[in-house]
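Colleague: I'd like to go over a predicted model; first the sequence, then the structure.
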Amino acid sequence: MKTVLITGATSGIGLGCARKFAANGDRLILTGRNAQRLEDIRKELTSKGTEVLTLLFDVRDREAATKCIENLPAEWKDIDVLVNNAGLALGLEPEYEGSYEDWDTMVDTNIKGLLTMTRLVVPGMVKRDRGHIINVGSVAGDAAYANGNVYCATKAAVKAITDGLRLDVAGTAIRVTNLKPGLVETNFSNTRFHGDTERAANVYKGIKPLTGDDIADVAVYAANAPEHVQVAEVLILATHQGSGSVIVRK
Ligand code: 8X3
């Protein structure tokens, strides 16, 4: 049984990971910004026998994140798996028309938040010579697509940060994975379009998208691969998706 910390665990890929790691028999530290949703998922999983600790903070708030991780109860301190899932896309428009606020939120969450969590959790893993960091990147980090600009850049940064960490812990037993999903139907597009549900629904029209559970399956696989196997990077696309910008709709 592993202790798995998942950021942004109340929806989408994070929630999928919470459910799949719970089903795998692991104990969970779930972080998020929505107290009610955290409580709901805690109740759901504890009713099935999973040990769950919830932490309410925004990964952008470095002080809050630090306080929560440094004050973990002794029995929760030894984190085996860190799933850096918290992240979002905001806006889909030409770079020269983008919103400063959206850019800041994406950079602060997708890059700086992920770095904060890594900086807080990984030293303990190095000390114990045990652990696994699973970062949720994206196909968007492989190549920019039209109007994706800053979001794609944040996911390209996740790739570089993940590769950098993998090099830095190569002398330890720690493993580092970059999961790169394509089209996953979650709150992702709703958030991206600031609540424009019609525009969000169009993203998934005519194609069967992936689900948070599909990505979580790969995360659980990577975390449970034999110790000498490091799943370094996985690109997971919907079947009718050729790349970040090629989607064949029926
Ligand atoms: C999510 C995948 O292609 O919608 O990161 O940007 S995509």
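Modeller: Noted; the coordinates are in hand.

Colleague: which outside residues touch stretch 239-246?
Modeller: Stretch 239-246 has contacts (CB atoms under 8 Å, 6 or more residues apart in numbering) with 138-140, 142-146, 148, 152, 182-183, 207-208, 237, 247-250. The way it works is simple: take the backbone N, C-alpha and C, and place the C-beta from them, glycine included.

Colleague: And stretch 211-222, by the same measure?
Modeller: 11-17, 19-21, 24, 83, 132, 134, 136, 175, 177, 179, 181, 184-186, 231, 234, 236.

Colleague: rewinding a little: kindly supply the ChimeraX command isolating those of the contacts of stretch 239-246 that are buried.
Modeller: In ChimeraX, a selection of the buried entries from those looks like this (16 or more other CB atoms under 10 Å):
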select :138,139,140,142,144,145,148,152,182,183,207,237,247
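
Colleague: out of the contacts of stretch 239-246, which touch the ligand?
Modeller: Contacts with the ligand within those, as defined by CB under 6 Å from any ligand atom: 138, 139, 140, 182, 183.

Colleague: Among these, which lie within strands?
Modeller: Counting by DSSP state E, these place none of their members in strands.

Colleague: Now, the contacts of stretch 211-222 that are in helices?
Modeller: 12, 13, 14, 15, 16, 17, 19, 20, 21 (DSSP state H).

Colleague: gap between the fourth one and residue 212?
Modeller: Applying CB to CB, to the nearest Å, one obtains 6 Å for the distance of residue 15 from residue 212.

Colleague: and what of residue 160?
Modeller: For residue 160, the distance to residue 212 equals 25 Å [CB to CB].

Colleague: do the same with residue 54
Modeller: To residue 212, residue 54 is 18 Å away according to CB to CB.

Colleague: Kindly report the same for residue 50.
Modeller: Residue 50 is 17 Å from residue 212, by CB to CB.

Colleague: And residue 26, by the same measure?
Modeller: From residue 26 to residue 212 the distance is 17 Å (CB to CB).

Colleague: Which one of the residues in the chain is closest to the ligand?
Modeller: Using CB to the nearest ligand atom, residue 138 is the residue of the chain that sits closest to the ligand, at 3.2 Å.

Colleague: Show the pLDDT at that residue.
Modeller: Looking at residue 138, its pLDDT is 98.

Colleague: got a list of what the nearest residue to it once chain neighbours are set aside touches?
Modeller: Counting by CB to CB, 6 or more residues apart in numbering, residue 138 lies nearest to residue 155, which is 4.0 Å off, once chain neighbours are set aside. By CB under 8 Å, 6+ apart, the contact set of residue 155 is 110, 137, 138, 140, 141, 180.

Colleague: now with 10 Å?
Modeller: 87, 89, 106, 110-111, 135-142, 144, 148, 178, 180-181, 244 (CB atoms under 10 Å, 6 or more residues apart in numbering).

Colleague: ok, back up a step: if you rank the ones in helices among the contacts of stretch 211-222 by neighbours, which is first?
Modeller: residue 17 (32 neighbours; other CB atoms under 10 Å).

Colleague: Count the neighbours of the residue lying closest to that one once chain neighbours are set aside for me.
Modeller: Spatially, and ignoring its direct neighbours in sequence, residue 17 is nearest to residue 216 (4.4 Å; CB to CB, 6+ apart). Residues lying near residue 216 (other CB under 10 Å) number 26.

Colleague: State the distance from residue 33 to residue 95.
Modeller: According to CB to CB, residue 33 stands 27 Å off from residue 95.
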